[in-house]
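A.B. asks: Any chance you can model this:
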Amino acid sequence: MINKILKNEKGAFSILAVILVFIVVLAITAFTDITSKSYVINEIQGNMDISGINALQGSVDTLRLRAEQLATDASSKADTGTGALQMSSSFKANIDNRYDTEFRKRISSNSTITKIEHMGYKVDFTYDVWGFGTSAKKRPQIVLDETYKITIRTSSKFDVLSPVTKSLWSARETTGFTVSYGGTNSDGNAELIVRSVTREVYR
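C.D. replies: Predicted structure coming up:
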């Protein structure tokens, strides 16, 4: 039965067999592409989260921490007793630079990534109950919000997504925001917008 389907009367492979082989190859290619890109996405997200933790931990002045102050330098600190905040004009950029250096170093060996673009960041140094409930005690905390656009190699056959805009929610800001996806179809490159939010809290 199988021979009749795969071969014509002269014993040559029929067009049906060619189509069947093409479908199998296409399915294998799609599965491999999706699996590898899923791994890359998870790796990027994980490295962004780790970079955020390391950037915040590395920015904290440990000597002042012993004096019960959450501080990044002499000009940027929160008194855990009074809740008084003092911030320098450069402390946000310093934390972001530390983060960017850490993140790029972590993913520099990934050959699938062809381009990294820093889309923006936000650093909040606050003394509040965010994340603990309204009845909780206020605590000093630093919240780091980073967004990157990562371009990765992909199969041009599956690079067919149309530009889209997604509405997302920021728990920190209690407002919505939008993320847009663009790019060029069938060029073998896929653009990913990846966002990571980390925070450090004095307990």
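A.B. asks: Report the secondary structure state of the nearest residue to residue 169 once chain neighbours are set aside.
C.D. replies: In this structure, residue 169 finds its nearest non-sequential neighbour in residue 176, 5.5 Å apart by CB to CB, 6 or more residues apart in numbering. Using the backbone N, CA and C atoms, a C-beta is placed for each residue, glycine as well. Residue 176 falls in the strand class when you classify it by DSSP: H, G, I helix; E, B strand; the rest coil.
A.B. asks: list the helices and strands the helix or strand where residue 168 lies packs on?
C.D. replies: Taking DSSP states H and E as the criterion, residue 168 maps to strand 164-170. Applying 3 or more CB pairs under 8 Å, 6 or more residues apart in numbering; DSSP states H and E, one finds that strand 164-170 contacts strand 175-181.
A.B. asks: Just the angle for the strand it packs on relative to strand 164-170, thanks.
C.D. replies: 150 degrees (axes from the mean of the first three to the mean of the last three CA atoms, to 10 degrees).
A.B. asks: Partner strands of the following helix or strand past strand 175-181, with direction?
C.D. replies: Using DSSP H and E, the next helix or strand after strand 175-181 towards the C-terminus is strand 189-201. If you go by DSSP bridges, strand 189-201 pairs up with strand 139-153 (antiparallel).
A.B. asks: List the buried residues for the strand it pairs with?
C.D. replies: Using 16 or more other CB atoms under 10 Å as the test for burial, strand 139-153 gives 139-153.
A.B. asks: Just the closest of those residues to residue 29, please.
C.D. replies: residue 153 (13.7 Å; CB to CB).
A.B. asks: Look at the residue lying closest to the closest one once chain neighbours are set aside and report its pLDDT.
C.D. replies: Spatial nearest neighbour of residue 153, excluding adjacent residues (CB to CB, 6+ apart): residue 112 at 5.4 Å. On the pLDDT scale, residue 112 is placed at 81.
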